[in-house]
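Visitor: give the three-dimensional model of this entry:
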Amino acid sequence: MSRYIFVTGGVVSSLGKGITAASLGAVLEARGLKITMLKMDPYINVDPGTMSPLQHGEVYVTTDGTETDLDLGHYERFVRGCGNLTRNNNFTTGRVYADVIAKERRGDYLGATIQVIPHITDEIKARIVKAAEGSDIAIVEIGGTVGDIESQPFLEAARQLRFELGSSQAIFIHLTLVPFIATAGETKTKPTQHSVKELRSIGLQPDILVVRSDHEIPLGARDKIALFTNVEPKAVIPLCDADTIYRIPALLNDQGLDDIVVEKLGLDVPPADLSDWAKVVEHQLNPQHCIRLKMVGKYMDLLDAYLSLTEALVHAGIHTKTQVDIDFVDSVDLEKQGVELLADADAILVPGGFGARGFEGKVMAAGYAREKKIPYLGICYGLHAAVVEIARNLAGMEGADTTENNPSTSYPVIGLITEWVSEAGETEQRSENSDLGGTMRMGEQVCNLISDSLTAEIYGGQVIKERHRHRYEVNNKLMPALEKVGLRIAGRSADDMLVEVIEYKDPPWFVASQFHPEFTSSPRDGHPLFKSFIEAALAQRA
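Guide: Sure thing, here's the model as predicted:
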């Protein structure tokens, strides 16, 4: 039977529950345990797929095509055994209620009055148990902050599960903030005391406290926390801000967190070998080279919108011993101020996105990279921008565009499949009644690369699998004219119907993909496409 670790947060949000949970998972995996991880989000949205990145941050995509919370990215990057998480590993209040209501409509409850307890909590518990199948330990992160009304059903379900399984099968870790008041020169424990009191008021006693701070927490303060929260002193684990998140597994191990966990869960396992994490930290903090990369995006007000992408660049830096200095350039600013904003770039990256706002700035970035022979990587919308730019400026397709932004363009080089192909090979009309939450090409799919392409050389093979999240495709009908001016189709879908990767003959490194390679990058293994991109930037700088 699987054992469970429930991770909750208190005092304030954004303390790093996801990274802490993922780091603990990494340490326990290093002790030979099979780990899975689960995130329960308290918002009413069915999934984050239609939520603005400016509010929620990145939408992470799993292998099976599920749009999930960004914390699942942390799980997969830190825990190798979590490399293929699925829809079972993330669900929201909205999803739970939608499924319970659907069951009620079908008559599954035989006319019973549907209530939060037991129907909603039973559904949550069933989902937790299903996600944990086949694992030694399931680490379950409960989103939100203790005291929020939205997360109460999740906390109640966790309480019930611990009651049913016993304390040797399920434990609670509570993450809180211990602020340092500079004017008084004091570390304050009261917020943590109140947060634990809030937990205990709903029947939950934490077994372990992870106390976050930007200052060292004195032993006296930790003893005080232990006394007032009924937690063993050794189980009050200090976690100060780190110079890199990839040091956190070692920090938690140094504080003995994994020892306490295996003791409380009655496990007999060897010590953790974290030597691979030590190498990651060593290479990240002691680079031998440096490059300046311009990332031209449209969600720069919240950089979590590009979290997996920035981490993939960090990983590439680790594996090339390079410090990657990322300048985030708002594509709207680029439209207003011009390409001078890109003047000192060693490499240019245009990430994914949706909608017309800022798209022309991305097109400008792709054109600047091509003309100045600067290494260019376009991802999803970055591929669209590159195709549009080449169509307009090299192929003579004046006004070429994506139908997402200009449905009446004379040269729809990017469009919905239904706009440019049907079974009869004739153009169809765009549907204006689509459900935005269910019309995209999602998840891991096969891509066949051309044998003599740069991309095939980078990947070391012709058949690859990468994750997708997009709605619009390259219009095959207009590609022959673009190929005549130097654009090259380097990869297609398994059925040979859809363009997956393009390259341009000059500069020597100009690659754009429909898929999102950042979702499969990790600090210990990196990703070949990002590694090659950074190596090209180093060559450019030289």
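Visitor: poorly predicted segments of this protein, please.
Guide: When residues are selected by pLDDT under 70, those of the chain lie in 53-54, 56, 300-302, 420-439.
Visitor: residue 244 against residue 284, yeah?
Guide: Yes. The pair residue 244 / residue 284 is scored as a contact, 5.5 Å apart, by CB atoms under 8 Å. Where C-beta positions appear, they are placed from N, C-alpha and C, glycine not excepted.
Visitor: looking at these two, which has the bigger crowd around it?
Guide: Neighbour count, other CB atoms under 10 Å: between residue 244 and residue 284, residue 284 has more, with 21 against 13.
Visitor: which residues touch that one?
Guide: By CB atoms under 8 Å, 6 or more residues apart in numbering, residue 284 lies in contact with 244, 246, 314, 317, 318, 523.
Visitor: residues near the residue lying closest to residue 24 once chain neighbours are set aside, how many?
Guide: Closest residue to residue 24 apart from its sequence neighbours, by CB to CB, 6 or more residues apart in numbering: residue 252 at 6.0 Å. As a burial measure, the neighbour count of residue 252 was computed by other CB under 10 Å and equals 23.
Visitor: kindly report the same for residue 181.
Guide: Counted with other CB under 10 Å, the neighbours of residue 181 add up to 9.
Visitor: cool, the one 4 residues further on as well?
Guide: Using other CB under 10 Å, residue 185 has 7 other residues around it.
Visitor: measure it to residue 220 for me?
Guide: Residue 185 sits 14 Å away from residue 220 when distances are taken as CB to CB, to the nearest Å.
Visitor: got it, and residue 274?
Guide: Going from residue 274 to residue 220 by CB to CB gives 30 Å.
Visitor: so which of these two has more stuff around it?
Guide: Neighbours around residue 274 and residue 220, counted as other CB under 10 Å, are more numerous at residue 274. The numbers are 19 against 10.
Visitor: and the gap between that one and residue 246?
Guide: Distance of residue 274 to residue 246, computed by CB to CB: 10 Å.
Visitor: before we move on, what about residue 63?
Guide: When CB to CB is applied, the distance between residue 63 and residue 246 equals 23 Å.
Visitor: quick one: which of those two has more around it?
Guide: The neighbour comparison of residue 63 against residue 246 (other CB under 10 Å) goes to residue 246, with 27 against 17.
Visitor: what sits against that one?
Guide: Counting by CB under 8 Å, 6+ apart, residue 246 makes contact with 277, 280, 281, 284, 523.
Visitor: where does the third one land in three-state SS?
Guide: Translated: residue 281. Remark: residue 281 carries the secondary structure label helix [criterion: DSSP: H, G, I helix; E, B strand; the rest coil].
Visitor: leaving out chain neighbours, which residue sits closest to it?
Guide: Skipping the residues right next to it in sequence, residue 281 comes nearest to residue 247 by CB to CB, 6+ apart, at 5.1 Å.
Visitor: that neighbour is in contact with residue 278, isn't it?
Guide: No. The pair residue 247 / residue 278 is not scored as a contact, 9.0 Å apart, by CB under 8 Å.
Visitor: more neighbours, those two?
Guide: Between residue 247 and residue 278, counted using other CB under 10 Å, residue 247 has the larger neighbour count: 18 against 14.
Visitor: hang on, that one in a strand?
Guide: No. Under the criterion used here (three-state DSSP), residue 247 is helix, not part of a strand.
Visitor: going forward, the N-terminal residue is numbered 790.
Guide: Sure thing, new numbering starts at 790, so read that last one as residue 1036.
Visitor: any idea how far it is from residue 1124?
Guide: Distance from residue 1036 to residue 1124, by CB to CB: 39 Å.
Visitor: how about residue 1061?
Guide: In this view, residue 1061 and residue 1124 are 50 Å apart by CB to CB.
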